[in-house]
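K.L.:
Quick one: sequence plus predicted model below, questions after.
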Amino acid sequence: MTLTTKTLTSGFAFPECPRWHDGALFFSDRHDRRVVRLDIDTGAAETVVEVEGQASGLGWLPDGQLLVVSMVDRKVLRFDGRSLHEHGDLADVAPFHCNDMIVDASGRAYVGNFGSDFEAHEPLRNTVVARVDPDGSVHVAADDLAFPNGMVISPDGRTLIVAESAGARLSAFTIEADGALSGRRVYASLETAPDGICLDAEGAVWFAAPATSQCIRVREGGEVAARADVGEGHTYACVLGGPDRRTLFVCAAPTHVSAETVRLHEGRIEMVTVDVAGAGAP
């Protein structure tokens, strides 16, 4: 089954890391260096906070404060509604830019990174997923991952799935009581590189596949169950949201190259209704 999305709104540089939270769609407009809140009924987009180091992964602490990845300086920042504060410094564990992040119900943040400067044609290097605990302490949660990117956590809080972009696979881990990751296994080997991901109530994962202009729904083991086609451009991330969590929101753009995204400002949010509602986080 292949679905076709429609454009909800456009005019962004490079939308990434969408999250459905408190009745609205939040996402990072990475190359415009800001976090955006989008009212899906009116289409009104407002800047929540500007992030000079380029905003990426988003999540919320139990007290409602926003966590945001500051990519180029490899930090997790905390926004209290007025100003940004350093929450965790990943420079000692992440060798290059940090990217996506998932925050669990206890406020533990799991953060991926590029591993190397692939845009400058450096060789791809396996790298770590870091964990930032609520007190700001930083730990290596898992290592030897091929460009760890989008992540989800199951509804029971016991399983973390991470998209390994350079490995063309989704890998799953058991989350221990202290936040440690164990029991690594392959959730699905994929036909193409995954970027941002989300989880549904049947345990299937939707992943953005930049090379295909699609988001693809895959079951554990690798069976492709559905596709959502955005037409032109590339897909970079997706989330299931809306009042019933049955709307697949997709971040799309013509390119990921920063200078071009800023020049074009043709990034957009696509949407389509799906049969199975979202589950877990994000």
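P.N.:
Received the coordinates, thanks.
K.L.:
how far out from the middle of the chain is stretch 46-64?
P.N.:
Its chain's C-alpha centre and that of stretch 46-64 lie 13 Å apart, by Cα atoms, centre = their mean, to the nearest Å.
K.L.:
ditto for stretch 58-71
P.N.:
13 Å.
K.L.:
downstream neighbour of the helix or strand of the chain with the lowest mean pLDDT in the secondary structure list?
P.N.:
The helix or strand of the chain with the lowest confidence, counting by mean pLDDT, DSSP states H and E, is helix 258-264 at a mean of 78. The helix or strand immediately downstream of helix 258-264 is strand 267-273, counting by DSSP states H and E.
K.L.:
Report the distance from that next one to the chain centre.
P.N.:
Chain-centre distance of strand 267-273: 15 Å, with Cα atoms, centre = their mean.
K.L.:
quick one on the thing from earlier: can you give me the buried ones in the least confident helix or strand of the chain?
P.N.:
residue 261 (16 or more other Cβ atoms under 10 Å). Heads up, the C-betas are built off the backbone N, CA and C, glycines and all.
K.L.:
what pairs with residue 199 across the strands?
P.N.:
Per DSSP bridges, residues listed as beta-bridge partners of residue 199: residue 205.
K.L.:
Next, the contact list for it, please.
P.N.:
Residue 199 is in contact with 152, 153, 154, 161, 205, 206, 240, 278, 279, 280, 281, counting by Cβ atoms under 8 Å, 6 or more residues apart in numbering.
K.L.:
Show me the residues you listed that map onto helices.
P.N.:
Judged by DSSP state H, the contacts of residue 199 include no members of helices.
K.L.:
For residue 75, see how far away the spatially closest residue to residue 119 that is not a sequence neighbour is.
P.N.:
Across the structure, with Cβ to Cβ, 6 or more residues apart in numbering as the measure, the residue nearest residue 119 apart from its sequence neighbours is residue 257 (7.4 Å). Noted for residue 257: a distance of 23 Å to residue 75, by Cβ to Cβ, to the nearest Å.
K.L.:
Compare the two (neighbour count), which wins?
P.N.:
Relative neighbour count places residue 75 above the other of residue 257 and residue 75, with 23 against 14, counting by other Cβ atoms under 10 Å.
K.L.:
residues near the nearest residue to that one once chain neighbours are set aside, how many?
P.N.:
Leaving aside its chain neighbours, residue 75 sits nearest to residue 89 (5.4 Å; criterion: Cβ to Cβ, 6+ apart). The criterion is other Cβ under 10 Å. On that basis, residue 89 has 16 neighbouring residues.
K.L.:
ok, now how distant is residue 89 from residue 76?
P.N.:
Taking Cβ to Cβ as the measure, residue 89 falls 8 Å from residue 76.
K.L.:
Could you list the paired strands of the strand or helix carrying residue 69 along with their orientation?
P.N.:
When secondary structure is defined using DSSP H and E, the element that contains residue 69 is strand 66-70. Strands flanking strand 66-70 in the sheet, each with its direction: strand 55-60 (antiparallel), strand 75-79 (antiparallel) (DSSP bridges).
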